[in-house]
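Asker: A predicted structure for the sequence below; I have some questions about it.
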Amino acid sequence: MMLKFLTHLFCSSSLEKERSKTDSAIAEYQQKEAQVKARLTRQAEEYRDLANAHQVKRNKELDEFVAILNTTVTSANEYLPDLAQFQDFMFVAFNSWMRIDLEKKKIDLLSEKLRTLYASRDLLNAYEAEINRLTQREERHAWHLTVKEKPVRISSELIDSTIEQLSRNRNTDVRQFKEDIQRIRSHKLHLRGQIRGLENQRDEYKNGYELILKEHDEVKAELSKRYKHCTEKLKVIRAKLEDYYCRQPTKSDIANSWIDAISGLIRTQDLKELHRNTKEEFVMAKLKLQLTRDERSDILDRIQRCRDTDDYSDFTSLKTMKTAAQARFNSAKTEYSGISLARTVIFERPKEVNGLLSHLDKLSPDQSILNIMKIFEVDDTFNPMRAIGVSTAEQRRLHWEKKNKDGQYKRATEGFS
């Protein structure tokens with residue numbers, strides 16, 4: 001009985017311990033589970049807050065984008081009809097210019113005909129003058145007077161036949177000369193009529209040319225006005241988009257603060273100037289990093305000497321100095337890295353913005369000018385400014401470069417002469 005009692009008592013005690021242990025483990029597990037749930041709940045709330053903050057920021061950016069897009073689209077919708085009218089009017093200007101070219105060629109052709117007729121007239125005048133000279137030569141006239149006043153006293157059949165033959169020859173020559181002169185004068189009269197008719201026709205062409213030229217000048221002035229109007233409108237659209245793209249957030253908070261500090265509409269030139277202006281700040285940060293690096297290295301060398309020489313008299317103070325130097329180095333490194341990153345993104349931003357803005361070039365009046373030059377198959381020697389009153393910015397730049405170069409060459413030539 002005693003053995004049975006002791007066995008029962010031992011089993012009961014062991015069971016109670018196991019139950020207590022199990023209960024303790026369960027309680028600990030439940031506590032950990034509660035902690036995990038609480039931590040997960042906090043993380044979920046933090047993630048939800050971050051997501052809400054990100055969504056708020058994203059919505060703000062979208063609102064800003066929609067606003068700039070609405071403004072730009074509105075401006076574009078107002079601009080595109082003006083561009084279409086400019087393009088249509090360029091065909092009017094080209095047609096007017098070709099009429100001028102046609103009239104000019106007609107005048108040139110008539111002038112060439114007149115020059116030929118003038119040359120023929122001058123040649124006939126020379127022929128007539130030469131014939132008159134031959135018929136009125138002094139020696140011939142004096143000889144006939146001598147023969148008439150002093151007739152030949154000796155008479156014979158040979159002499160009489162000779163005199164008669166000479167007289168007949170003279171009369172024949174005179175008659176032939178008169179006929180030649182008559183034909184020349186008749187031809188001259190015909191030429192004079194042709195010349196007068198062509199000169200009158202040329203005067204009519206010139207009057208018509210002057211009228212067309214005046215009308216074309218008005219067309220050129222109107223086209224130039226429309227070109228400037230389209231250019232100004234496109235500049236406004238480009239400036240708004242350029243400012244929007246320039247102000248887009250970067251991966252650098254420092255760069256964002258620099259950009260935000262710029263007032264008014266930002267251009268890529270402003271970012272380039274900002275990059276230049278922050279160079280001194282970058283140099284100072286780099287110098288500060290180098291100084292703190294040297295300071296930390298010096299302290300580390302002194303600590304190592306303490307260990308090498310077993311002289312630890314300054315070891316504690318050096319450890320304190322090391323901590324402070326390390327903090328200054330970390331701060332300088334962070335500042336340098338931040339400024340370096342900021343200047344890098346500022347340097348790269350203009351190229352990105354220009355790439356985005358390049359799509360607007362398809363809507364520029366300059367592109368319309370190049371397109372119409374391709375349509376009419378004109379080469380680079382064609383001067384659209386002279387023909388239709390407008391030219392591209394690139395064409396104007398090349399024109400002034402050539403003009404300045406020619407002016408410099410002329411001044412240099414005059415200097416040596």
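Answerer: Great, that's in hand. Residues are numbered from 1 along each chain as shown.
Asker: Where does pLDDT dip in the chain?
Answerer: Within the chain, the ranges that satisfy pLDDT under 70 run 1-30, 32-34, 36-41, 43-76, 134-175, 177, 376-382, 399, 406-417.
Asker: What is the helix or strand containing residue 336 packed up against?
Answerer: Per DSSP states H and E, residue 336 falls inside helix 315-357. The helices and strands touching helix 315-357, judged by 3 or more Cβ pairs under 8 Å, 6 or more residues apart in numbering; DSSP states H and E, are helix 157-246, helix 253-260, helix 268-277, helix 279-309. All C-beta atoms are positioned from the backbone trio N, CA, C, and that covers glycine.
Asker: highest average neighbour count across those?
Answerer: Greatest average neighbour count among these goes to helix 253-260 (a mean of 17), per mean count of other Cβ atoms under 10 Å.
Asker: I'd say residue 256 and residue 250 touch.
Answerer: Yes. Residue 256 is within contact range of residue 250, at 5.8 Å (criterion: Cβ atoms under 8 Å).
Asker: on that earlier part again, tell me the angle the helix holding residue 336 makes with helix 268-277.
Answerer: Using axes from the mean of the first three to the mean of the last three Cα atoms, to 10 degrees, the direction of helix 315-357 lies 160 degrees away from that of helix 268-277.
Asker: Next secondary structure after helix 315-357?
Answerer: helix 365-375.
Asker: I'd like to know how far the closest residue in space to residue 325 that isn't next to it in sequence sits from residue 282.
Answerer: Nearest non-adjacent residue to residue 325, counting by Cβ to Cβ, 6 or more residues apart in numbering: residue 296, 4.5 Å away. Separation of residue 296 from residue 282 (Cβ to Cβ, to the nearest Å): 21 Å.
Asker: Residue 198 now?
Answerer: To residue 282, residue 198 is 79 Å away according to Cβ to Cβ.
Asker: Kindly report the same for residue 92.
Answerer: Distance from residue 92 to residue 282, counting by Cβ to Cβ: 56 Å.
Asker: So the residue nearest to residue 325 sits against residue 322, correct?
Answerer: Yes. Between residue 296 and residue 322 a contact is recorded at 7.2 Å, counting by Cβ under 8 Å.
Asker: how far off helix 157-246 does the helix holding residue 336 point, in degrees?
Answerer: Here the directions of helix 315-357 and helix 157-246 differ by 140 degrees (the same axes, to 10 degrees).
Asker: Quick check: closest non-adjacent residue to residue 370.
Answerer: Setting aside the residues directly before and after it, residue 370 is nearest to residue 392 in space (Cβ to Cβ, 6+ apart), at 6.5 Å.
Asker: Number of residues surrounding that neighbour?
Answerer: Look at residue 392: counted by other Cβ atoms under 10 Å, it has 19 neighbours.
Asker: wait, what's in contact with it?
Answerer: 366, 369-370, 384 (Cβ atoms under 8 Å, 6 or more residues apart in numbering).
Asker: Now which of the residues you listed would you call buried?
Answerer: 366, 369, 384 (16 or more other Cβ atoms under 10 Å).
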